[in-house]
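Undergrad: Pasting a predicted model and its sequence here:
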Amino acid sequence: MPVTIRHRRAAAFMAPLVAVLGLGLGGCDFDPTNLFAEKYKPEVVPDVPADKLYSEGLAKLEDSDYEGAVKKFDNLDKQYQYSEWSRKALLMTAYANYEGQKYDEAISAAKRYLQRHPASKDAAYAQYLMAMSNYKQIPDVTRDQDRSEKALVALQELVQKYPTSEYSNDARSKIQITRDQLAGKEMEVGRFYLERRNFPAAINRFRDVVAKYQTTRHAEEALERLTEAYWALGITQEAQNSAAVLGHNFPDSPWYKDAHALLAQGGLEPREEKTSFLSKIYRTVTGKTASAE
């Protein structure tokens with residue numbers, strides 16, 4: 001009796017399913033009481049030869065189909081892991097993403113390449129792609145400069161690790177541009193504080209420019225703004241010193257003329273304090289010291 005009950009319950013359970021499966025089947029020879037009789041037959045997809053996949057990826061690049069190229073190189077990397085083809089594919093994935101302006105994806109691929117193949121002949125190029133992918137995303141000075149910081153680090157690593165590579169000279173020039181960008185951001189914040197008469201905060205920003213970015217085009221203005229801020233606080237010795245360092249390193253600068261004129265209002269002249277923060281910085285960078293005017 002219990003067996004009969006179980007069979008009836010099973011039949012009741014299967015009935016709705018059989019009805020649904022039977023819809024649209026027409027005259028098909030389908031046995032709904034034997035749902036699991038047919039075995040799953042996996043589809044066998046033959047591997048595409050590595051050189052063919054690589055050539056297809058290059059063809060996509062030629063057609064500026066960067067997304068398609070990435071897919072081809074990704075497939076090559078997955079199908080031929082730990083091979084020379086995989087190494088080439090990963091590098092080309094980074095390059096294709098870079099050309100397609102998918103910079104974060106390019107950075108990710110370049111990092112993976114450097115982790116897997118740090119001593120390879122193309123490591124310098126992978127580092128260059130990573131640096132340039134950050135460099136291309138540098139915003140204007142009114143916005144956060146996180147990308148500028150990352151670009152600077154990557155560019156400096158390129159020069160330090162691969163000083164004789166064909167990319168090092170370009171990296172050096174872009175380091176200067178990136179440093180100028182970072183200095184510009186500090187100057188913008190410093191001017192903001194200066195205009196609002198928050199002189200200590202302004203001084204901190206301008207000192208950062210002189211300390212970190214003294215070879216950029218913003219250094220002249222930073223020294224003059226320091227003269228202004230110290231003068232406003234009544235710290236005349238520091239104001240004189242800032243003007244003296246400015247005049248010695250940038251004698252023809254209009255910023256020096258402004259600093260000199262400001263001091264003249266109080267009957268003072270630029271004068272160096274040789275043990276000062278500013279004098280030590282420029283002595284280290286240029287080997288020069290300012291002299292009393």
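TA: Right, received. Where do you want to start?
Undergrad: C-alpha only now, for contacts and for neighbours.
TA: Fine.
Undergrad: Need the per-residue pLDDT for residue 289.
TA: If you check residue 289, the pLDDT there is 48.
Undergrad: mind listing what's buried in stretch 212-221?
TA: 213, 214, 215, 216, 217, 218, 219, 220, 221 (16 or more other C-alpha atoms under 10 Å).
Undergrad: Tell me how many other residues crowd the nearest residue to residue 281 once chain neighbours are set aside.
TA: The spatial neighbour of residue 281 that comes closest, neighbours along the chain excluded (C-alpha to C-alpha, 6 or more residues apart in numbering), is residue 211 at 6.7 Å. Residues within reach of residue 211, counting by other C-alpha atoms under 10 Å, total 16.
Undergrad: does residue 211 really touch residue 282, like I thought?
TA: No. In this structure residue 211 lies outside contact range of residue 282 using C-alpha atoms under 8 Å: 9.0 Å.
Undergrad: quick check, distance from the helix or strand encompassing residue 113 to the centre of its chain.
TA: According to DSSP states H and E, residue 113 maps onto helix 103-116. Mean-position distance between helix 103-116 and its chain equals 11 Å (C-alpha atoms, centre = their mean, to the nearest Å).
Undergrad: and it, C-alpha only, in PDB?
TA: Provided in PDB are the C-alpha atoms of helix 103-116 (Å, rounded to 0.1, in the frame of the first residue of the first chain):
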ATOM      1  CA  TYR A 103      43.500  53.100 -19.900                       C
ATOM      2  CA  ASP A 104      42.500  51.400 -16.700                       C
ATOM      3  CA  GLU A 105      42.400  48.100 -18.500                       C
ATOM      4  CA  ALA A 106      45.700  48.800 -20.100                       C
ATOM      5  CA  ILE A 107      47.200  49.500 -16.700                       C
ATOM      6  CA  SER A 108      45.800  46.200 -15.300                       C
ATOM      7  CA  ALA A 109      47.300  44.200 -18.300                       C
ATOM      8  CA  ALA A 110      50.600  46.000 -18.000                       C
ATOM      9  CA  LYS A 111      50.900  45.200 -14.300                       C
ATOM     10  CA  ARG A 112      50.100  41.600 -14.900                       C
ATOM     11  CA  TYR A 113      52.800  41.500 -17.600                       C
ATOM     12  CA  LEU A 114      55.400  43.000 -15.200                       C
ATOM     13  CA  GLN A 115      54.400  40.500 -12.500                       C
ATOM     14  CA  ARG A 116      54.800  37.500 -14.700                       C
END
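Undergrad: Any buried residues in it, and which?
TA: 103, 104, 105, 106, 107, 109, 110, 111, 112, 113, 114.
Undergrad: Stretch 192-199 now?
TA: In terms of neighbour count (16+ other C-alpha under 10 Å), stretch 192-199 has its buried residues at 193, 194, 199.
Undergrad: Residue 181: which of those is nearest?
TA: Nearest to residue 181 among those: residue 193, at 19.0 Å, using C-alpha to C-alpha.
Undergrad: so after the helix or strand containing the closest one, what's the next helix or strand?
TA: According to DSSP H and E, residue 193 maps onto helix 168-195. The element immediately downstream of helix 168-195 (helix or strand, assigned by DSSP H and E) is helix 199-212.
Undergrad: gap between the helix or strand following that following helix and the chain center?
TA: Next along the chain after helix 199-212, taking DSSP H and E as the criterion, comes helix 219-233. Helix 219-233 has its C-alpha centroid displaced from the chain centroid by 32 Å (C-alpha atoms, centre = their mean).
Undergrad: ok, residues contacting helix 219-233?
TA: Here helix 219-233 makes contact (C-alpha atoms under 8 Å, 6 or more residues apart in numbering) with 187, 194, 199-200, 202-203, 206-207, 209-210, 213, 236, 238-240, 242-243, 245-246, 250, 253, 255-256, 258-259, 262.
Undergrad: Let's see that with 7 Å instead.
TA: Outside of helix 219-233, the residues within contact range by C-alpha atoms under 7 Å, 6 or more residues apart in numbering are 199, 203, 206, 209-210, 213, 236, 238-240, 242-243, 246, 250, 255-256, 259.
Undergrad: and if you look at stretch 181-194?
TA: Residues outside stretch 181-194 that contact it (C-alpha under 7 Å, 6+ apart): 141, 142, 145, 148, 199, 201, 202, 205, 206, 209, 213, 218.
Undergrad: what are the phi and psi values for the third one?
TA: When read as degrees, to the nearest 10, the backbone of residue 145 gives phi -110, psi 30.
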